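S.K.: take a look and give me a structure for this.
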Amino acid sequence: MFVKNVLRENLINDKVCLLLKKLNVYCLFFGLESGSERMLKYLKRGTVTVEQGKKAMRLCKEYGFSTCGYFMIGSPSETVEDLEETCKFIESPDIDGAAIFITTPLPGTELWDYAIKEKLIQKDFYEFPNRRGMAKFQEDLILSKEITKKDFRKWYELLNKIGDKPRPNFIFKMNMIKFLFYPAFYSKLWKKRKYISGVLKRII
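M.R.: Numbering: from 1, shown residues only. From the prediction side, this is the model:
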């Protein structure tokens, strides 16, 4: 099964992995946020490090889990060098997939105050009809002044392409064969047919 909650890399250890194996979990998701130590310190206030993320990914691989990381790009002061570090992390064999999100300020947060002060967004940012979709690329969501909009779009598309690249360990595992004998498995496939079709189109 999938773990629906995003895990923290500094809380993963052998004991947790053994428990997840007993629960028949085969894919783990982590909020890694960035491959840049500098940006990770800004985003998570020094509570985790990039090396902890890498160690967590390697440990999960030792236990046979597929791994997927969630990353944020476009944060204040982020540079091309920071994006390059994130790219290297996503490209590493220790992680099977990645989802890229543009750092989005929420009302009442430090990021929101920064974006309003720098006039990067308006106070009605989330009000209809000005509401923005987080999954869609929006140039006005770039909170970094160190990257041009043109370069940022290129990096956004590149990182998504790398993160979506199918890797054997992430797509299929031998212990998933048993699901072929469960009627409920086919029922779920039918309900998710539109989503599966979209994923296959991206892969092919």
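S.K.: what about F30, which SS state?
M.R.: Classification of F30 using DSSP: H, G, I helix; E, B strand; the rest coil returns strand.
S.K.: who does it bridge with?
M.R.: Beta bridges link F30 to L7, G69, judged by DSSP bridges.
S.K.: against V6, how distant is it?
M.R.: Noted for F30: a distance of 6 Å to V6, by CB to CB, to the nearest Å. For the C-beta atoms, the positions are set from N, CA and C on the backbone; glycine is no exception.
S.K.: can you check I142 too?
M.R.: Distance from I142 to V6, by CB to CB: 24 Å.
S.K.: neighbour-wise, which of these two wins?
M.R.: Neighbour tally, I142 and V6, criterion other CB atoms under 10 Å: the higher count belongs to I142, 23 against 13.
S.K.: could you pick out the longest helix of the chain?
M.R.: Longest helix in the chain, counting residues (DSSP state H): helix 149-164.
S.K.: any idea of the mean pLDDT in that one?
M.R.: Average pLDDT, helix 149-164: 90.
S.K.: next, the buried residues of that helix.
M.R.: Within helix 149-164, the residues scored as buried using 16 or more other CB atoms under 10 Å are 152, 155-156, 159-160, 163.
S.K.: what packs against it?
M.R.: The helices and strands touching helix 149-164, judged by 3 or more CB pairs under 8 Å, 6 or more residues apart in numbering; DSSP states H and E, are strand 66-73, helix 80-91, strand 97-102.
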